[in-house]
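S.K.: return a 3D structure for these sequence lines:
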Amino acid sequence: MSTTSCDAVVVGAGPNGLVAANALADAGWDVVLVEAAPEVGGAVRSAEVTAPGFVTDLYSAFYPLAAASPVIRDLDLARHGLVWRRAPDVMAHALPDGRAAVLRGDATATAAGLETCSAGDGDAWLRMVGDWQRVRDPLLDALFTPFPAAGPVLRLLRRTGVSGGLDLARLALLSVRRLGEEEFGSEEARVLLTGNAMHSDVSPDGAGSALFGWLLVMLGQDVGFPVPEGGAGRLAAALRARAEGLGAAVRCGVAATAVEVTAGRASGVRLADGSRVTARRAVLADVAAPTLYRGLVGPRHLPARLLDELLRFEWDDATLKVNWALDAPIPWTAPAVATAGTVHLGSDDDGLVDVAADLTVGRMPEHPFVLLGQMTTSDPTRSPAGTESAWAYTHLPRHLAQDADAVDAQAERVEREVERVAPGFLALRRGRHVQRPASLEAADANLDRGAVNAGTSALHQQLVFRPTKGLGRPETPLPGLFLAGASAHPGGGVHGACGWNAAVAALGQHGGLGFVRRALVRTAWSRVLREP
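M.R.: Predicted structure coming up:
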């Protein structure tokens, strides 16, 4: 049995694991990155699965968080082959009655379109954009920094003042439905917010949904919804190339089966091929929290109270994805939709609440909310000239995710919803490929039944409650082990912050005051996990 020794081993080469490996290698650490799949990327991969010459992003596709993330921006991935491409318009919502709301690349153009829907909505949009521009940088720093993020919060308050700070706090607790009603007169403007809030698993009338909708819409207005030229896998490839250029070793096609513990500290990992990687300083895990604690570590090395808390862990909704190779662009009833990269459809503003209610009670939505990507519109390299590589996904109740008949029926409903707002769409299909919840999980174990955020985005599982009641930080109760995946704060999305935060925490425990940091973490965990 072979053994490799390094400073740190990173388990999982999704975007967070890749960012963590880059951060540690930047600091001069000797890093080994291990990945069960045959290639890096996790949920950032692409392939030709519908027809030859048609590139499909298999999981995530549009990356506003990556484009805005100070973590990924500072890696300068353009030097490693990453090129961002953008559609002529950012996104659109195709309403069932033939109307459409369009988020354009220029805020003034977006406002002009909304003004035609309801007098005053254009000015309201520009006010919202102005508010975003004032708080953008410190807010993103606060969102991406581990709790309590005192520095970014203070900078944010200096920008907003007390009154503005209270407005932001209210926004974080508000429902997106209420936000839309307060700010806009038209359904077109409101549905831009609500549709983007539906990227999370928080109901449009649920507390906290306003922040998700507002953040994604404002990022779209700011940096757009860009895609990597040539496919999502190019983003992962650039991250890998950068890490390897710094000396990190990447091993694909071999799964980690256990975290090894020596003298009460994480000391490495065992791999499925029988080999071991020992870590002198840290083990970072870009895996879901239940996988890490119940599977890789196991109860023998963890406090019983943590395992009890883990019983409360809540996954986000399951996902179904349908991919197409189309002989021509999609024939939308509303022509303005044709130039948008991301399209929302299937429901009006009220209908989105109905969809969320169905998911909450475990019903399969009759008219599912559909998120669709026009990939060739966004990046002409994705398919032959005059054609379109497209996909759509929708969320399902988790308990129905393993019902093959129910899942296949929902895939048919997804296609009917597209046909409803784009008559003639079905006749354009050259190839079709369905990714069911089970196949998503089989390809990436972090996508449990197709859950894309490694745990619910609801308020009860955020900050110090993510992934369980704890510190809101990447340090775990097992010394030397750091949670680097999306189950950690700040959660899902391709922003790299979970991996970056884990790397910074590991580096901090081995700096000049590392012994103090380690002692503080031990004390904090002992208080959190103390038996009542």
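S.K.: Asp7 contacts Arg281, correct?
M.R.: Yes - proximity of Asp7 to Arg281 meets the contact threshold set by CB atoms under 8 Å, at 4.7 Å. Any C-beta I mention is one placed from the backbone N, CA and C, and that applies to glycine too.
S.K.: quick check: neighbours shared by those two?
M.R.: Each of Trp29 lies in contact with both Asp7 and Arg281 under the rule CB atoms under 8 Å, 6 or more residues apart in numbering.
S.K.: how about the helices in the stretch 351-500 of the chain?
M.R.: For the stretch 351-500 of the chain, the helices defined by DSSP state H, counting those that start in this stretch occupy 375-378, 404-421, 437-443, 497-508.
S.K.: okay, those helices in CSV with mean neighbour count next?
M.R.: Output for those, formatted as CSV (neighbours: other CB atoms under 10 Å):
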stretch, mean neighbour count
helix 375-378, 26
helix 404-421, 17
helix 437-443, 18
helix 497-508, 26
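S.K.: of the ones you listed, which approaches Asp286 most closely?
M.R.: helix 497-508 (6.2 Å; CB to CB).
S.K.: can you list contacts of that closest one?
M.R.: 8, 15-21, 23-24, 27, 29, 69, 71, 143-146, 281-282, 284, 286, 473-475, 482-486, 488-491, 514, 517.
S.K.: put the buried members of those into a PyMOL selection.
M.R.: To isolate the buried ones among those in PyMOL, judged by 16 or more other CB atoms under 10 Å, type:
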select buried, resi 8+15+16+17+18+19+20+21+23+24+27+29+69+71+143+144+145+146+281+282+284+286+473+474+475+482+483+484+485+486+488+489+490+491
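S.K.: helix/strand/coil for Arg155?
M.R.: Classification of Arg155 using DSSP: H, G, I helix; E, B strand; the rest coil returns helix.
S.K.: residues touching it, list them.
M.R.: Each residue near Arg155 by CB under 8 Å, 6+ apart is listed here: Pro138, Asp141.
S.K.: can you pull the pLDDT of it?
M.R.: pLDDT, Arg155: 89.
S.K.: likewise for Met1?
M.R.: Per-residue pLDDT puts Met1 at 69.
S.K.: touching, His301 and Pro479? I think so.
M.R.: No - shown here, His301 and Pro479 do not form a contact pair, counting by CB under 8 Å, at 10.4 Å.
S.K.: list the residues that contact both of these two?
M.R.: Gly264.
S.K.: one step back: could I get the helices of the stretch 351-500 of the chain as TSV with mean pLDDT and distance to His199?
M.R.: Rendered in TSV, the data for the helices of the stretch 351-500 of the chain read as follows (pLDDT from 0 to 100; distance: least, CB to CB, whole Å):
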stretch	mean pLDDT	distance to His199
helix 375-378	98	17
helix 404-421	97	16
helix 437-443	96	16
helix 497-508	95	17
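S.K.: can you redo the ones you listed as JSON lines with distance to Arg305?
M.R.: Output for those, formatted as JSON lines (distance: least, CB to CB, whole Å):
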{"stretch": "helix 375-378", "distance to Arg305": "46"}
{"stretch": "helix 404-421", "distance to Arg305": "37"}
{"stretch": "helix 437-443", "distance to Arg305": "29"}
{"stretch": "helix 497-508", "distance to Arg305": "21"}
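S.K.: between the ones you listed, which one is closest to Ser2.
M.R.: Nearest to Ser2, of these and by CB to CB, is helix 497-508 at 24.5 Å.
S.K.: for the residue lying closest to Ser2 once chain neighbours are set aside, give me its contacts.
M.R.: Excluding its sequence neighbours, the residue lying closest to Ser2 (CB to CB, 6 or more residues apart in numbering) is Ser275, at 4.5 Å. Taking CB under 8 Å, 6+ apart as the criterion, Ser275 is in contact with Met1, Ser2, Thr3, Thr4, Val254.
S.K.: now Ser275. Its backbone dihedrals?
M.R.: When read as degrees, to the nearest 10, the backbone of Ser275 gives phi -80, psi 170.
S.K.: go on, Leu311?
M.R.: Taking degrees, to the nearest 10 as the convention, Leu311 sits at phi -60, psi -20.
S.K.: OK, contacts around the residue lying closest to Leu459 once chain neighbours are set aside?
M.R.: Distance criterion CB to CB, 6+ apart; nearest residue to Leu459, sequence neighbours excluded, is Gly208 at 4.7 Å. Applying CB under 8 Å, 6+ apart, one finds that Gly208 lies in contact with Ala172, Leu173, Leu174, Ser175, Val202, Ser457, Ala458, Leu459, Gln462.
S.K.: per-residue confidence for the closest residue to the second one other than its chain neighbours?
M.R.: On the basis of CB to CB, 6+ apart, the spatially nearest residue to Leu173 that is not a chain neighbour turns out to be Ala207, at 5.3 Å. At Ala207, the predicted lDDT confidence score is 95.
S.K.: hang on, Ala207 packs against Ser175?
M.R.: Yes - taking contacts as CB under 8 Å, Ala207 lies within contact range of Ser175: 6.3 Å.
S.K.: residues contacting Asp205?
M.R.: When contacts are counted by CB under 8 Å, 6+ apart, Asp205 touches Ser175, Arg177, Arg178, Val353, Ala356.
S.K.: hmm, back to that, state the distance from the residue nearest to Ser2 to Glu39.
M.R.: Counting by CB to CB, to the nearest Å, the gap from Ser275 to Glu39 is 20 Å.
S.K.: out of the contacts of Asp205, which end up buried?
M.R.: Neighbour-count burial (16+ other CB under 10 Å) is assigned, among those, to Ser175, Arg177, Val353, Ala356.
S.K.: my guess is the first one meets Pro204, correct?
M.R.: Yes - taking CB under 8 Å as the definition, Ser175 is a contact partner of Pro204 at 6.5 Å.
S.K.: where does this protein dip in pLDDT?
M.R.: Judged by pLDDT under 70, the chain has its weakly predicted residues at 1, 513, 516, 523, 531-532.
S.K.: mind doing that once more with 90?
M.R.: The chain contains residues with pLDDT under 90 at 1, 142-157, 160, 162, 164, 471, 510-532.
S.K.: what are the phi and psi values for Arg280?
M.R.: The phi/psi pair for Arg280 (degrees, to the nearest 10) is phi -70, psi -30.
S.K.: show me the contacts for it.
M.R.: Contacts for Arg280 (CB under 8 Å, 6+ apart) come out as Ser5, Cys6, Asp7, Ala8.
S.K.: quick one: which of the residues you listed is most hemmed in?
M.R.: Ala8 (30 neighbours; other CB atoms under 10 Å).
S.K.: the host helix or strand of that one to helix 497-508, inter-axis angle?
M.R.: Using DSSP states H and E, Ala8 sits in strand 3-11. If you take axes from the mean of the first three to the mean of the last three CA atoms, to 10 degrees, strand 3-11 sits at 130 degrees to helix 497-508.
S.K.: so what are the sheet partners of strand 3-11 and their directions?
M.R.: strand 31-35 (parallel), strand 276-285 (parallel) (DSSP bridges).
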